[in-house]
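Asker: Sharing a sequence plus its predicted fold:
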Amino acid sequence: MTVPLSKIAHGRSGDKGNHANVAIIADSQAGYAWLRQFLTAERVAEYFQPLGPSRVERFEAANVLGLNFMLYDALAGGASRSLRLDTQGKTLALTLLRMSIDPPPELLEGLPRE
């Protein structure tokens, strides 16, 4: 069953100059284990390709069940230069949480159906 990433995780994002920092935090240990395999830097780079990041790097934060992504050069110059609506990348975590995923059924057990 295809669901949004937000079914198994939550996130935060912001800017570091012209770079965006996007953290995705799993809701469970099992979700984190699956995300480590599924949510690669390459997959995130492809998802955000329209923003034109020069590269995407992933960092793992196992102690908080999180994956942190740096999207380099993705903010069109950053807060003081960009003409985009979201000059600080605050909506990028929400954007990534809308990604369609097909997790194993056990990750969705017990979650409310919509």
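Answerer: Now that the structure is in, tell me what you want to look at. Numbers count the residues shown, from 1 in each chain.
Asker: For the rest of this, base every contact and every neighbour count on C-alpha atoms.
Answerer: OK.
Asker: where does this protein have its least confident helix or strand?
Answerer: strand 9-16 (a mean of 86; mean pLDDT, DSSP states H and E).
Asker: Any idea how far stretch 26-41 is from the middle of the chain?
Answerer: Relative to its parent chain, stretch 26-41 has a centroid offset of 11 Å by CA atoms, centre = their mean, to the nearest Å.
Asker: Adjacent strands (with direction) for the least confident helix or strand of the chain?
Answerer: strand 19-26 (antiparallel) (DSSP bridges).
Asker: which other residues reach the partner strand?
Answerer: The contact list for strand 19-26, computed with CA atoms under 8 Å, 6 or more residues apart in numbering, reads 8-15, 32, 35, 64-75, 78, 88-89, 92-93.
Asker: Quick one, which of those are buried?
Answerer: Buried by 16 or more other CA atoms under 10 Å: 8-15, 32, 35, 65-75, 78, 88-89, 92-93, out of the contacts of strand 19-26.
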